[in-house]
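**Student:** Predicted model and sequence below, questions to follow.
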Amino acid sequence: VEVNSETDFVAKNEKFQTFVSNVANQILDSDAADMDAFMAEPWALDTTKTVKDELVSQIAVIGENMNIRRFKKIESDGVLASYIHAGGKIGVLVDADAPANDTVVAAIKTVAMQIAALKPEYTNSSEVSADYIAHEKEILLAQIMNDPKESQKPEKVIQGMINGRINKELKEICLLDQTYVKAEDGKQSVAKYV
């Protein structure tokens, strides 16, 4: 659930946080498929009002413009772990096809922390499009050609440099290839950790 206020100050207000919690609880029990349907349904804590009416009421009480922007329900047959960071500014959900036990839940929560900290764009390198790789190679080649020392190297060396830089970038933007932030040796990948 994403509920926004105009200022961070209001987001820390107890009334705002209670309202957000009530909205989240209502969504859990709602069959609404979109925001319009959700805003039109009766408010669970006072069925004489709609969700939209309660939002307007809370705007008047709190004295700040607020929006319920979006929601998405996620159901899992495996393990679903969440991690909230930076006072609620970053939230991560990880759904893993695994048996639910304390060890797996702790591991999946650690992966959620990794995602919040390093913001990977892809799960693994197979998800990265060929167009993205080609574009990055063009940029790297242009950078090399603009450097008088680098541009004098043989083509095979230049291609090796480009491929090395691409591989380094993929290790930064692909979750499973990233260095696991809690690795004791500083070398273990997320894939090896998992």
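**Tutor:** That came through fine. Numbers count the residues shown, from 1 in each chain.
**Student:** So in this structure, which helix runs the longest?
**Tutor:** Scanning the chain for the helix with the most residues, using DSSP state H, yields helix 155-173.
**Student:** Can you name every helix or strand that that helix contacts?
**Tutor:** Contacting helix 155-173 under the criterion 3 or more CB pairs under 8 Å, 6 or more residues apart in numbering; DSSP states H and E are the following elements: helix 130-145, helix 148-151. Every C-beta, even on glycine, is put in place using the N, C-alpha and C of the backbone.
**Student:** If we use 7 Å, what do you get?
**Tutor:** Under the contact criterion of 3 or more CB pairs under 7 Å, 6 or more residues apart in numbering; DSSP states H and E, the helices and strands touching helix 155-173 comprise helix 130-145.
**Student:** Could you give the average pLDDT over the longest helix of the chain?
**Tutor:** Per-residue pLDDT values over helix 155-173 give a mean of 95.
**Student:** Show me what secondary structure element comes after that helix.
**Tutor:** Counting by DSSP states H and E, the next helix or strand C-terminal to helix 155-173 is helix 190-193.
**Student:** where does this structure have low pLDDT?
**Tutor:** Low-confidence segments of the chain, defined by pLDDT under 70, are absent; every residue clears the threshold.
**Student:** Which phi and psi values does the residue of the chain most remote from its centre adopt?
**Tutor:** The outermost residue of the chain, judged by C-alpha distance from the chain's mean C-alpha position using CA atoms, centre = their mean, is Q152 at 42.3 Å. The phi and psi torsions at Q152 (degrees, to the nearest 10) take the values phi -80, psi -10.
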